[in-house]
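Student: What shape does this take:
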Amino acid sequence: MTSNRAKLSDIIGPAFYDLHKYVKTNAYTHYWLKGGRGSLKSSFIGTEIPLGIMRDAKRGVMSNAVVIRRVKDTLRGSVYEQIKWGIFMLKAEEDWDIPESKLQMTYRPTGQQIIFKGADNPKKLKSIKVFVGYVKYVWYEECDEFETYDKITNINQSLLRGGHEYCVFYSFNPPESQRNWCNRQVLVKRDDTYVSHTTYLQAPPEWLGEQFLIEAEHTKKTNIEKYNHDYLGEVTGTGSEVFTNLDIREITKEEIDVFDRLKFGLDFGYAGDPLACVKMHFDKTRRRLFIFGEVYGTRLSNEKAVRMIKKLNPLNKLVTCDSAEPRTINEFKLLGLRVKGAKKGPDSVENGIKWLQDLEQIIIDPVRCPNAYREFNEYEIEKDKDGNLKGEFPDKNNHSIDAARYGCETDIIASKARAGKNRSKYV
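Tutor: Down below sits the predicted model:
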């Protein structure tokens, strides 16, 4: 601890002890803090930033911080007060100039600053200048309010320069939709990134107060889905997601080494649409589909596409593809790929998607298969002008999904046949 003024255990919740050590030792650059109400993530960051600045000053590192929200008008009543609270809890208020007229705070002994900015004027963010040192700490509070991750990376490119240590915090309550960019971004594995998920259940009850706990318990009893989202920070969905059985995670080499029911599906590209080929394993007993390899791209010549698919499929196992292109299928065969057209038939799209929906799990490796992950994760039923869900599955941004249907066609047909046979017993 840098200061003897306060015990950190009285300020930082137990769920953040390890994270505090990582920040203190500069173990990571990017820290994603997600969770539900009362999870103390903002309190933690609001303490770590002034504490880090004071600690850095003692070792001669002139660090500064920029705290950002999407809209400037929300700064004063949220992050400004949160940082101010952190400074007072650290009993360091005499060392800080905290003016009510400016959105900035200054560490008096060195001139290091904490600057508060809204992202509604990006040009002002690019022109930030600090009195001494460089910007080490950046905090994006409620970062899901930003339209895209690109908006944040553009700001980072402007701020993170001139130093050798950086600490960027991203805090948010996960939005309901699994399509939201924040929910997708925390699944991307990077060596310089740490992801934390906390809930109020990990906080000391006395810190939250009796009424907070009463409200949480009432919500749990009366609306479990709202409780799971609001208080546990779960991605509960909006009701329009097609695939609610996704498990997005790394598929390990140990798992892949024992896969013995490999399947390959191929959807040809048309005009500007991409070609998509997926490599899968179907665990029939547990009804789990693993997607752990892909070829995906536009403007691929047939020769190049076959070469890439052969690399994905070195044993040249049979690939089932869209039968609407017999000429392309023949060219792929001449290039040495074992390929056959899917049987399709009436309602094949609906039957295939429903079969995928009914699986216990669809496990997708987001590193090996970023496009399959994106398409499955973002595939949603469209809504009409009144906000009601339409009845049909959309025919767009579904190339990997079509490829998966083709690759699993024999199992889909067999499942349909069994269902028909079972129904006939009761007719």
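Student: which other residues reach the helix or strand in which Trp85 is found?
Tutor: In this assignment (DSSP states H and E), Trp85 forms part of helix 81-89. For helix 81-89, contacts defined as C-beta atoms under 8 Å, 6 or more residues apart in numbering pick out 6, 10-11, 42-43, 45-51, 67, 93, 96, 98, 105, 114, 141. C-beta here means a position set from N, CA and C on the backbone, and glycine is covered the same way.
Student: out of those residues, which are buried?
Tutor: For those, a burial check counting by 16 or more other C-beta atoms under 10 Å picks out 6, 11, 42-43, 45-51, 67, 96, 105, 114, 141.
Student: Looking at the contacts of helix 81-89, which are in helices?
Tutor: Judged by DSSP state H, those include 42-43, 45-51 as members of helices.
Student: can you redo these as a markdown table with distance to Tyr31 and pLDDT?
Tutor: As requested, those are exported to a markdown table (distance: C-beta to C-beta, whole Å; pLDDT from 0 to 100):
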| residue | distance to Tyr31 | pLDDT |
| --- | --- | --- |
| Ser42 | 13 | 96 |
| Ser43 | 14 | 95 |
| Ile45 | 8 | 97 |
| Gly46 | 14 | 97 |
| Thr47 | 14 | 97 |
| Glu48 | 9 | 97 |
| Ile49 | 11 | 98 |
| Pro50 | 16 | 97 |
| Leu51 | 14 | 97 |
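Student: Would you format those as TSV with distance to Glu382 included?
Tutor: Converted to TSV, the ones in helices among the contacts of helix 81-89 look like this (distance: C-beta to C-beta, whole Å):
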residue	distance to Glu382
Ser42	36
Ser43	40
Ile45	38
Gly46	41
Thr47	45
Glu48	43
Ile49	43
Pro50	47
Leu51	48
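Student: quick one: low-confidence parts of this structure?
Tutor: Where the chain drops to pLDDT under 70, the residues are 1-5, 271, 385-388, 391, 419-427.
Student: Spatially central residue for it, please.
Tutor: Taking C-alpha atoms, centre = their mean, the centroid of the chain lies closest to Arg184, which sits 2.3 Å from it.
Student: So which elements touch the helix or strand hosting it?
Tutor: Element membership for Arg184, per DSSP H and E: helix 181-185. On a contact count with 3 or more C-beta pairs under 8 Å, 6 or more residues apart in numbering; DSSP states H and E, helix 181-185 meets helix 149-159.
Student: Can you tell me what sits against the helix it packs on?
Tutor: Residues outside helix 149-159 that contact it (C-beta under 8 Å, 6+ apart): 66, 68, 119, 122, 125-126, 128, 135, 138, 140, 143, 146, 168, 170, 181-182, 185.
Student: again, only using 7 Å
Tutor: For helix 149-159, the external contacting residues (C-beta atoms under 7 Å, 6 or more residues apart in numbering) are 66, 68, 119, 125-126, 128, 135, 138, 140, 143, 146, 168, 181, 185.
Student: and if you look at stretch 359-374?
Tutor: 187-189, 243, 245-251, 276, 278, 286-294, 296, 356, 376, 400.
Student: now those: which count as buried?
Tutor: 187, 243, 245-246, 248, 251, 276, 278, 288-294, 296, 356, 376, 400.
Student: Could you check the helix or strand hosting Asn351 and say which residues are buried?
Tutor: Asn351 belongs to helix 348-358 when assigned by DSSP H and E. Within helix 348-358, the residues that count as buried by 16+ other C-beta under 10 Å are 348-349, 351-353, 355-356.
Student: Quick one: name whatever helix or strand follows it.
Tutor: strand 361-364.
Student: Skip ahead from that following strand and say which helix or strand is next.
Tutor: Downstream of strand 361-364 (by DSSP H and E), the next one is helix 370-378.
Student: Who are the packing partners of the helix or strand that comes right after that following helix?
Tutor: For helix 370-378, the following helix or strand on the C-terminal side (DSSP H and E) is helix 399-407. When contacts are defined as 3 or more C-beta pairs under 7 Å, 6 or more residues apart in numbering; DSSP states H and E, helix 399-407 packs onto strand 262-267, strand 275-283, strand 319-321, helix 370-378.
Student: One more pass at 8 Å, please.
Tutor: strand 262-267, strand 275-283, strand 288-297, strand 319-321, helix 348-358, helix 370-378.
Student: and of those, who's closest to Met62?
Tutor: helix 370-378 (39.1 Å; C-beta to C-beta).
Student: Tell me the gap between that closest one and the middle of its chain.
Tutor: Here the centre of helix 370-378 is set off from its chain's centre by 12 Å, with C-alpha atoms, centre = their mean, to the nearest Å.
Student: With just CA atoms, put it into CSV.
Tutor: Extracted C-alpha coordinates of helix 370-378, given in CSV (Å, rounded to 0.1, in the frame of the first residue of the first chain):
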residue,chain,number,x,y,z
PRO,A,370,-14.1,-15.7,-35.4
ASN,A,371,-16.6,-15.6,-38.3
ALA,A,372,-18.6,-18.6,-37.3
TYR,A,373,-18.7,-17.2,-33.7
ARG,A,374,-19.9,-13.8,-35.0
GLU,A,375,-22.6,-15.2,-37.3
PHE,A,376,-24.0,-17.7,-34.8
ASN,A,377,-23.9,-15.1,-32.0
GLU,A,378,-25.5,-12.3,-33.9
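Student: Name the residues of it that come out as buried.
Tutor: For helix 370-378, the neighbour count (16+ other C-beta under 10 Å) marks 371-378 as buried.
Student: tally of neighbours for Glu234?
Tutor: 17 (other C-beta atoms under 10 Å).
Student: phi, psi of the closest residue to it other than its chain neighbours?
Tutor: Among residues not flanking Glu234 along the chain, Asn228 sits closest, at 4.4 Å (C-beta to C-beta, 6 or more residues apart in numbering). The phi and psi values for Asn228, taken as degrees, to the nearest 10, are phi -60, psi -40.
Student: tally of neighbours for Asn228?
Tutor: Asn228: 16 neighbours (other C-beta under 10 Å).
Student: ok, it touching Gly237?
Tutor: No: with contact defined as C-beta atoms under 8 Å, Asn228 does not reach Gly237; the gap is 10.4 Å.
Student: which residues in the stretch 101-250 of the chain form helices?
Tutor: Counting by DSSP state H, counting those that start in this stretch, the stretch 101-250 of the chain has helices at residues 122-126, 149-159, 181-185, 205-208, 210-222, 224-230.
Student: ok, and the closest non-adjacent residue to the residue nearest to the centre of the chain?
Tutor: Asn377 is the one closest to Arg184 (C-beta to C-beta, 6+ apart), at 6.7 Å.
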